[in-house]
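# I would like the atomic coordinates for the input below:
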Amino acid sequence: MAAADSPSAALRRRDLCSRGIRLAGKMRADVVDLLDAYVEQQGLDASASVAAVEGVPLAAVERWDEQTGTQRLLENLAAYRAFRALLAQMLEEQREQLGEADAGLGRALAAVLLQVSAFAYHLEELLRLESRGVPGEEGDGPPPPPRLSLFEQKLRGLGVLRELAQWAVRSARDLRQLAKPSPATGAAPGLAESP
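Modelled structure (predicted):
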């Protein structure tokens, strides 16, 4: 029996998935709070329509139910790595724009960035548990976007935070799927076999 298929590995996977679900829930709540503060601070309309933002991974996926557990984890990991770079860029822009004028927004942004980094690490642990190699990061994230106007930066930030909130929901859903016991054994399904 492979290490990833052992009962102790199944329990560890279920525990990691449960902790990940809680982390994703907390992160979503914090992102929603940050989004409200961001909209107010930036003087944006909360209902503003934002087109897809370059470099921001979309949480929506076709044929979600057909993905394997490994595919789910790899997509989540890639998304959170991209969000880590995007949030770091937003934090830097925020500091340039406001300096210490609104330290609260900067602290909230930094806290969410820390949660995103921790969640990415959590996903890496799940991949390691399954004896899957953790893919390396290509460079330091997405290439820096062209210099945007202040208004374009605000809209990009709005799009990043909205999509991050959606990813937190998707991640919890993906982890719930991975934690489900398989009908035959009662143990959590291996990542390769899960739907």
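# run through this structure and note the low-pLDDT ranges.
Applying pLDDT under 70 to the chain flags residues 1-5, 98-101, 131-134, 137-146, 182-195.
# Phe83 reaches Gln115, doesn't it?
No - in this structure, Phe83 is not within contact of Gln115 by C-beta atoms under 8 Å, at 10.0 Å. For every residue, glycine as well, the C-beta is placed using N, CA and C.
# what sits against the closest residue to Lys26 other than its chain neighbours?
Closest residue to Lys26 apart from its sequence neighbours, by C-beta to C-beta, 6 or more residues apart in numbering: Gln115 at 7.1 Å. Counting by C-beta atoms under 8 Å, 6 or more residues apart in numbering, Gln115 touches 23, 26-27, 30.
# so which of those residues are in helices?
Judged by DSSP state H, helices contain the following of the contacts of Gln115: 23, 26-27, 30.
# is it possible to mark the buried ones in the residues you listed?
Using 16 or more other C-beta atoms under 10 Å as the burial test, those include 23, 27, 30 as buried.
# how far away is the second one from His122?
Going back to what we said before, that points to Met27. For Met27, the distance to His122 (C-beta to C-beta, to the nearest Å) stands at 11 Å.
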